[in-house]
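**Student:** A predicted structure for the sequence below; I have some questions about it.
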Amino acid sequence: MAKIFCIANQKGGVGKTTTTVNLAAGLAKVGQRVLMIDLDPQGNATMGSGIDKRQLELSVYDVLLESATVAKARVKADRLEAAGCGYDILGANRELAGAEVEMVALDRREKRLRTALASVGAEYDFILIDCPPSLSLLTLNGLCAAHGVIVPMQCEYFALEGLTDLVNTIKQVHANLNKNLQIIGLLRVMFDPRITLQQQVSDQLKAHFGDKVFDTVIPRNVRLAEAPSYGLPGVVFDPVAKGSVAFVAFAKELVDKMPPASALQSAAPPPEDVPVVGVNPTESGVGGANTAAATQPQEKNHDGV
Ligand code: ATP
Ligand code: MG
């Protein structure tokens, strides 16, 4: 039975899609059967997996509106298969934005993805869901379908602030809609050890969230940013780039650490167990307005390094 994880963070541009496609490719590379679901009308995970979102005959939109099954709507990308990193793709395009509105009037509107996945769960080891940068009905469908959430985050002052909202949403979904839902872990992405504040925030995350912070750190690496324009995950585009190597290491970390899906269900902690202390950076002693302001221009200089 597949372990189903949402890659979520309501903050935009933090690396959700990059994490989803590279983790999917990395898991496939180490022999796991993977389904990647693009739950964002931007369709970036679809394009970044080598599927032209404009050419999709069926997409996750049809699955949510129950006009197609996952088995009918999923596709494969030849170039991923050829590279030995093939995974199935349930794609998305702009049509999905309409689903939000259309689903409002329907019954079980938060649980449509969950219902649809029941018939294919046995075919995969992992199902990864790329969520949009909002806490919308689409994201809610992802959270209701999942065993847990992987939260990619940059080690910055404002990233910590946003975490509070996400943790609260996860608590609410856990309490009302999906008692299995838990935080699988926080993944530090776009990390640049030369920036002192990033190192400090990283240390604080470790101190407060303990083993909920993954050991693997994804560095800032321009090859990961270039790969989507070639319609490939970095792991396939440039397997030896340090960002790609890190994503394969992350895939291995997940495979090694995760219990079977059945244990994930029964081991789900109550929401009170989600550690939230230290999320507020002023309370935790991380940075502070002056430090953050002083560091931001410096960080811009490192963009794309
Ligand atoms: P959105 O909220 O719009 O869905 P997102 O959270 O999915 O965004 P991405 O699209 O994955 O974020 O990444 C945002 C930008 O940062 C992209 O241009 C991407 O190529 C780049 N990027 C992501 N991770 C890295 C990295 N480790 N090193 C360098 N660039 C990165
Ligand atoms: Mg995205």
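**Tutor:** It's in. Ligands and ions are numbered 1, 2, ... in the order given.
**Student:** So what's the residue count around S229?
**Tutor:** 10 (other Cβ atoms under 10 Å). Backbone N, C-alpha and C define where each C-beta goes, glycine included.
**Student:** Please apply the same query to V63.
**Tutor:** Look at V63: counted by other Cβ under 10 Å, it has 25 neighbours.
**Student:** Which residue lies closest in space to it, excluding its sequence neighbours?
**Tutor:** Leaving aside its chain neighbours, V63 sits nearest to A116 (4.9 Å; criterion: Cβ to Cβ, 6 or more residues apart in numbering).
**Student:** Tell me which residues touch the one you found, please.
**Tutor:** V63, L64, E66, T69, V70 (Cβ atoms under 8 Å, 6 or more residues apart in numbering).
**Student:** if I look at the last one, how far off is V236?
**Tutor:** From V70 over to V236 the distance is 23 Å, taken as Cβ to Cβ, to the nearest Å.
**Student:** When these two are compared, which one has more neighbours?
**Tutor:** More crowded of V70 and V236, by other Cβ under 10 Å: V236, with 27 against 23.
**Student:** For the more buried one, give its distance to D256.
**Tutor:** Distance, V236 to D256, using Cβ to Cβ: 22 Å.
**Student:** Over to D165?
**Tutor:** 31 Å.
**Student:** can you give me how far stretch 221-240 is from the chain middle?
**Tutor:** Averaging C-alpha positions (Cα atoms, centre = their mean, to the nearest Å) puts stretch 221-240 17 Å from its chain's average.
**Student:** ugh, typo on my part, it should be stretch 78-92
**Tutor:** With Cα atoms, centre = their mean, you get 17 Å for stretch 78-92.
**Student:** State the mean pLDDT of that stretch.
**Tutor:** Averaged over stretch 78-92, pLDDT sits at 97.
**Student:** residue ranges with poor pLDDT in the stretch 151-300 of the chain?
**Tutor:** Applying pLDDT under 70 to the stretch 151-300 of the chain flags residues 266-300.
**Student:** Get me the contact residues on it for ligand 1.
**Tutor:** Contact residues (Cβ under 6 Å from any ligand atom) of the stretch 151-300 of the chain with ligand 1: V189, M190, I218, R220, N221, L224, A225, P228, G243.
**Student:** Just give me the longest helix of this protein.
**Tutor:** helix 157-176 (DSSP state H).
**Student:** Contacts for the helix or strand just after that one next, please.
**Tutor:** Where DSSP states H and E defines the elements, the next helix or strand beyond helix 157-176 is strand 182-191. By Cβ under 8 Å, 6+ apart, the list of residues contacting strand 182-191 from outside reads 5, 14-15, 18-19, 147-155, 163, 167, 170, 174, 198, 202, 205, 209, 212-214, 216-220, 250, 258, 264, 267-269, 274.
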